[in-house]
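Colleague: Please work out how this folds:
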Amino acid sequence: MEIKILGTGCPNCKTLDKLTREVVEKNGIDATVTKVEDILEIIKYGILSMPALVVDGKVLLSGRIPSSEEIKNLLIK
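Modeller: Residues are numbered from 1 along each chain as shown. Below is the predicted model:
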């Protein structure tokens, strides 16, 4: 599984990155987590607000910080 956290480095983006990495590690999810801060790369996903969570090329969430449980549910589907 390829997970990307899209965000330019704001506190919310950093929080989503941290929470996602914690969920992956805690639940033994086989995934690569990457932080994408390049605005030109972010624009390609068509999101209107950050941070955003992208799994295997699909935007699953944007514009808010989900709970750890919500992240877990999104990744385990």
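Colleague: make it CA atoms for all contacts and neighbour counts henceforth
Modeller: Noted.
Colleague: Return the distance of Ile71 relative to Arg21.
Modeller: Distance, Ile71 to Arg21, using C-alpha to C-alpha, to the nearest Å: 10 Å.
Colleague: for the most centrally placed residue in the chain, which residues make a bridge with it?
Modeller: The residue lying closest to the centre of the chain (C-alpha atoms, centre = their mean) is Leu53, at 2.8 Å. Under the criterion DSSP bridges, Leu53 forms beta bridges with Ile5, Leu61.
Colleague: That one: what's it in contact with?
Modeller: Contacts for Leu53 (C-alpha atoms under 8 Å, 6 or more residues apart in numbering) come out as 3-6, 59-62.
Colleague: separation between it and Glu69?
Modeller: For Leu53, the distance to Glu69 equals 14 Å [C-alpha to C-alpha].
Colleague: One more: Met50?
Modeller: Taking C-alpha to C-alpha, one finds Met50 at 20 Å from Glu69.
Colleague: Comparing these two, which shows the higher neighbour count?
Modeller: Neighbour totals were compared for Met50 and Glu69, and Met50 leads with 21 against 11 (other C-alpha atoms under 10 Å).
Colleague: from memory that one sits against Ile65, does it?
Modeller: No. In this structure, Met50 is not within contact of Ile65 by C-alpha atoms under 8 Å, at 9.3 Å.
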